[in-house]
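Student: pasting a predicted model and its sequence here:
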Amino acid sequence: MMLEVSAESEMAIRVTLNGVAREGNATPRMQLADFLRHVLHAYGTHVGCEHGVCGACTVLIDGRAVRTCMMFAIQADGADIQTVEGLASSPDKLTALQSAFQKNHALQCGFCTPGILMSCVQFLAERPQPDEAEIREMLSGHLCRCTGYHGIVEAIKEVVADKSTSSA
Ligand code: FES
Ligand code: FES
């Protein structure tokens, strides 16, 4: 027997969000970004262009940076999702990357920041010692209207330099 699913039918979606099992309902065409924000109330993930250009909606899904405006919530059923809320254990315990952003004025309005941070997490995990050109190439997938990118590049370079000093 064929299961009929209408555009309005809701389905239960189960994910692990920042280490915690979460569940909510989504219609088949609900974007993952909207599911995270409006169903799971994880408002740290921002939505800008809604068509895969600005990078503001980027999260990690099973460790990979993904634009959540380009994915349906039902495609994330069972996934392990990390959003910006999962980076710092508390507001006074920022990660080295977040502290470097703060110190280097790598944000102004902050709208682009959650997505950039999540891309950086995957980028630095895969490429711990990138040069500036590689950092700029990674950032080319993110639009920031405020900073001119200089502070962002400096923040990432600082994290890279600190890591190489501490492992030397
Ligand atoms: S809102 Fe998803 S890439 Fe812009
Ligand atoms: S800090 Fe405003 S868009 Fe990047």
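Tutor: On my side now, so go ahead. Residues are numbered from 1 along each chain as shown. Ligands and ions are numbered 1, 2, ... in the order given.
Student: check the gap between the spatially most central residue of the chain and ligand 1 for me.
Tutor: Centroid check for the chain by Cα atoms, centre = their mean gives V59 as the closest residue, at 2.8 Å. According to Cβ to the nearest ligand atom, to the nearest Å, V59 and ligand 1 sit 10 Å apart. Any C-beta I mention is one placed from the backbone N, CA and C, and that applies to glycine too.
Student: mind listing what that residue touches?
Tutor: For V59, the contacting residues are 32, 36, 45, 65-66, 68, 81-84, 118, by Cβ atoms under 8 Å, 6 or more residues apart in numbering.
Student: list just the nearest of the residues you listed to ligand 1.
Tutor: Using Cβ to the nearest ligand atom, T68 comes nearest to ligand 1 of the contacts of V59, at 6.5 Å.
Student: near ligand 1, which residues of the chain show up?
Tutor: Residues of the chain lying near ligand 1 by Cβ under 6 Å from any ligand atom: 47-50, 52-57, 67, 69.
Student: mind giving me the ChimeraX command for buried ones among those?
Tutor: In ChimeraX syntax, the buried subset of the residues of the chain next to ligand 1 is picked out as below (16 or more other Cβ atoms under 10 Å):
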select :47,48,54,55,56,57,67,69
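Student: in CSV, list the residues of the chain next to ligand 1 along with secondary structure.
Tutor: What follows is the residues of the chain next to ligand 1, written out as CSV (DSSP: H, G, I helix; E, B strand; the rest coil):
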residue, secondary structure
V47, coil
G48, coil
C49, coil
E50, coil
G52, coil
V53, coil
C54, coil
G55, coil
A56, coil
C57, coil
R67, strand
C69, helix
